[in-house]
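J.: Let's see this in three dimensions:
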Amino acid sequence: KNVQPTMVTLAWKAPNGDAAVAGYNIFYDGDKIASTKKTRFTIEGLSPGTAYKYSIRAVGVGDELSPPSKEISVTTSSLDATDPAVASAQTNPGPVNSGSSTPGITKGGGQTSIGKPERV
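T.: Predicted coordinates for the structure are as follows:
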């Protein structure tokens, strides 16, 4: 699990199929906040002890978009000044994004879909 007071890492499964994925768009409350070519993304600058809702859409090489994934709800951990890990997370945040290879999109019945997002 990578949920800290001011950051969270989202990860999702790549879709199966033969269509190529150009990347993924990350949404917060329905608004696009970032894009990545990886199946993992770290969001920084969050408020401690706060709930957030995110969703993911795959982007095909022809700019087609998958339907949005189911929303994932994440609550950042509360600040605890006595915890050295929390103090370190505040002063030394991790990379903006990190992850693994770019997989393909599944197309079936005119729909494009991606895997379910999950907390890391």
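
J.: ok, residue 44 touching residue 9?
T.: No - assessed by C-beta atoms under 8 Å, residue 44 is found out of contact with residue 9, at 9.8 Å. C-beta here means a position set from N, CA and C on the backbone, and glycine is covered the same way.

J.: Which residue of these two possesses the greater neighbour count?
T.: Remark: of residue 44 and residue 9, residue 9 carries more neighbours, 21 against 15, as counted by other C-beta atoms under 10 Å.

J.: what about residue 55, how many neighbours?
T.: Neighbour tally, residue 55, other C-beta under 10 Å: 20.

J.: what's the spacing between it and residue 5?
T.: 23 Å (C-beta to C-beta, to the nearest Å).

J.: With residue 30 instead?
T.: 25 Å.

J.: who has more neighbours, those two?
T.: residue 5 (21 against 9).

J.: Which parts of the protein are helices?
T.: 84-91 (DSSP state H).

J.: Can you find the helix or strand of it with the lowest average pLDDT?
T.: strand 104-108 (a mean of 34; mean pLDDT, DSSP states H and E).

J.: Touching, residue 49 and residue 74? I think so.
T.: No - taking C-beta under 8 Å as the contact criterion, residue 49 and residue 74 are not neighbours in contact, 11.8 Å apart.

J.: Mind checking which of these two has more residues around it?
T.: Taking other C-beta under 10 Å, residue 49 and residue 74 do not tie; residue 74 has more neighbours (18 against 11).

J.: Quickly list what the more buried one is bridged to.
T.: Residues in a beta bridge with residue 74, per DSSP bridges, are residue 52.

J.: Going forward, count from 38.
T.: Sounds good: first residue 38 from here, last item residue 111.

J.: surely it meets residue 87?
T.: No - contact criterion C-beta under 8 Å: residue 111 and residue 87 do not qualify, at 9.3 Å.

J.: show me where pLDDT drops low in this protein?
T.: 38, 55, 118-157 (pLDDT under 70).

J.: make it 50
T.: For the chain, residues meeting the criterion pLDDT under 50 lie at 38, 123-155, 157.
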